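1. Sharing a model prediction with you, sequence too.
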There are 2 protein chains.
Amino acid sequence: METTPEPGKRAYQSTELRQTATVEAVVQLCAEQDPATLTTARIADEVGLSQGALFKHFPNKSRLWESVAGWVAEQLTSQVFSKAEQHELADQALEAMFLAHIGFIARHPGIPRLMLGELQKPGNGPAKTIIRQTLSRYRKKVVGLLELGIQQRRIGPGIDTEAAAVLYIGAIQGLVVQAMVSGEIHTIEHTAPRIFKLYKAGLQELPDEPEK
Amino acid sequence: METTPEPGKRAYQSTELRQTATVEAVVQLCAEQDPATLTTARIADEVGLSQGALFKHFPNKSRLWESVAGWVAEQLTSQVFSKAEQHELADQALEAMFLAHIGFIARHPGIPRLMLGELQKPGNGPAKTIIRQTLSRYRKKVVGLLELGIQQRRIGPGIDTEAAAVLYIGAIQGLVVQAMVSGEIHTIEHTAPRIFKLYKAGLQELPDEPEK
DNA sequence: CAAGATAAAGTAATTACTTACTTTCTTTTG
DNA sequence: CAAAAGAAAGTAAGTAATTACTTTATCTTG
């Protein structure tokens, strides 16, 4: 598992390396533990460091969380947005984004816990602000693609784009909640295309109210 | 607000009353505070009790959370399911459920924090089990209504009911996440009908893949 | 060898829960 | 039916465990 160092020989590393290693360790740990219960001791142990040494690389726990939030925002947006740009048609771009997002979560099961955990905190901590901005930016990207899709005649012209963006994020959340309930994270990659198909059907705009 | 008792005369109450008062206080507090950071001292203070007195009514904190989870499950299912039974047509029942659920959350903004907080914990604590069972039961109810809707010809016959149930719960989650991001809880009651309209459109089943 | 990385031990604050005792309510009984 | 006895509800202070963060001294390495 770990590169066992010669007994007595410690592997000193630069703060920069330790910082990224620590952030990734936190993301890793969130896959198996509630972020709220993550202690500096547990994190240090995962990195292979004494608890005190952690504070040579981060001034305090809050800043560590800030770095983690930044890492998540960076990874998520870069990985998801890049997939969107590989498609001309807006609806296909949306589908690619959707599946990339779900894949990202499947690869890092701690991410939803992390993001939801931050959002749950009231107030406006720095970490929460980063997550909020990321989600806000994400939402705007989706709205933009939806409007493009309408121009391209791939999406019904009367579609409520704001609502559709909320439902898009909700579709992801629904899969996440289902995974939390069932406890099996990897089912979501299988279910995701079915969910998106249904979501997309709602964007097509039909006959109007069948009742009344 | 409170019936101020004669000074010096304390209002001793039965454990039963204290228990329900405490549970409701916790739900109330979750509207403004992360459940993970709720201390017994803060709870006792809200009830108007010394911290130690709390343990005359609950053997430990874990059992208190169990009671809270039970209260939430009870209230949510009774309020939401009862609305469903007032409608003959399955799609109208689903809409009524949806709006009732959002209304319930708007009246008790702490509920999502509570439920998500529990689901976030790994393992199978008693409180988490209650929430899980509640969501599972909820999901089955939705699937049942969807199948009924197909029989009634209100919903497309080829609809993936399992996926549609996940998306239904996701639609609620999407609204919750939006509220967490914006910080304004009461917008969800306004947005909810727009989201459901979009969701319902996806259940109508159309021409098949427009591309390929 | 100097700058910086690390461990190990320590500290103050917080938290769930306990204990010792007091006050109120309920029940039994002379 | 009052008074005493007992049970239940309350407080206030204490305790052990945990936690984020500090300090001191030692070890690595460019």
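-> That came through, no problem. Here the structure is a predicted model, which is why all the values come from computation and not from measurement.

2. Next secondary structure after the longest helix along chain A?
-> Longest helix in chain A by number of residues, with DSSP state H as the criterion: helix A:126-151. For helix A:126-151, the following helix or strand on the C-terminal side (DSSP states H and E) is helix A:161-182.

3. relative to helix B:161-182, how tilted is that next one?
-> Orientation check (axes from the mean of the first three to the mean of the last three Cα atoms, to 10 degrees): helix A:161-182 against helix B:161-182 gives 110 degrees.

4. Output helix A:161-182 as PDB, nothing but the C-alphas.
-> The C-alpha coordinates for helix A:161-182 follow below in PDB (Å, rounded to 0.1, in the frame of the first residue of the first chain):
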ATOM      1  CA  THR A 161     -34.700  27.400 -18.700                       C
ATOM      2  CA  GLU A 162     -34.300  28.500 -15.100                       C
ATOM      3  CA  ALA A 163     -36.500  25.700 -13.900                       C
ATOM      4  CA  ALA A 164     -34.700  23.200 -16.300                       C
ATOM      5  CA  ALA A 165     -31.400  24.100 -14.800                       C
ATOM      6  CA  VAL A 166     -32.700  23.400 -11.300                       C
ATOM      7  CA  LEU A 167     -34.100  20.100 -12.400                       C
ATOM      8  CA  TYR A 168     -30.800  19.300 -14.100                       C
ATOM      9  CA  ILE A 169     -28.900  19.700 -10.800                       C
ATOM     10  CA  GLY A 170     -31.800  17.900  -9.100                       C
ATOM     11  CA  ALA A 171     -31.400  14.900 -11.400                       C
ATOM     12  CA  ILE A 172     -27.800  14.600 -10.200                       C
ATOM     13  CA  GLN A 173     -28.900  15.000  -6.600                       C
ATOM     14  CA  GLY A 174     -31.500  12.400  -7.000                       C
ATOM     15  CA  LEU A 175     -28.900   9.900  -8.000                       C
ATOM     16  CA  VAL A 176     -26.700  10.900  -5.100                       C
ATOM     17  CA  VAL A 177     -29.500  10.500  -2.600                       C
ATOM     18  CA  GLN A 178     -30.400   7.200  -4.000                       C
ATOM     19  CA  ALA A 179     -26.800   6.100  -3.600                       C
ATOM     20  CA  MET A 180     -26.700   7.300   0.000                       C
ATOM     21  CA  VAL A 181     -29.900   5.400   0.700                       C
ATOM     22  CA  SER A 182     -28.800   2.200  -1.000                       C
END
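
5. quick one: what helix or strand has A:L64 in it?
-> Judged by DSSP H and E, A:L64 forms part of helix A:61-84.

6. ok so, going back, determine the set of other helices and strands touching the longest helix of chain A.
-> Where contact means 3 or more Cβ pairs under 8 Å, 6 or more residues apart in numbering or on different chains; DSSP states H and E, helix A:126-151 is packed against helix A:61-84, helix A:90-107, helix A:110-120, helix A:161-182, helix B:161-182. All C-beta atoms are positioned from the backbone trio N, CA, C, and that covers glycine.
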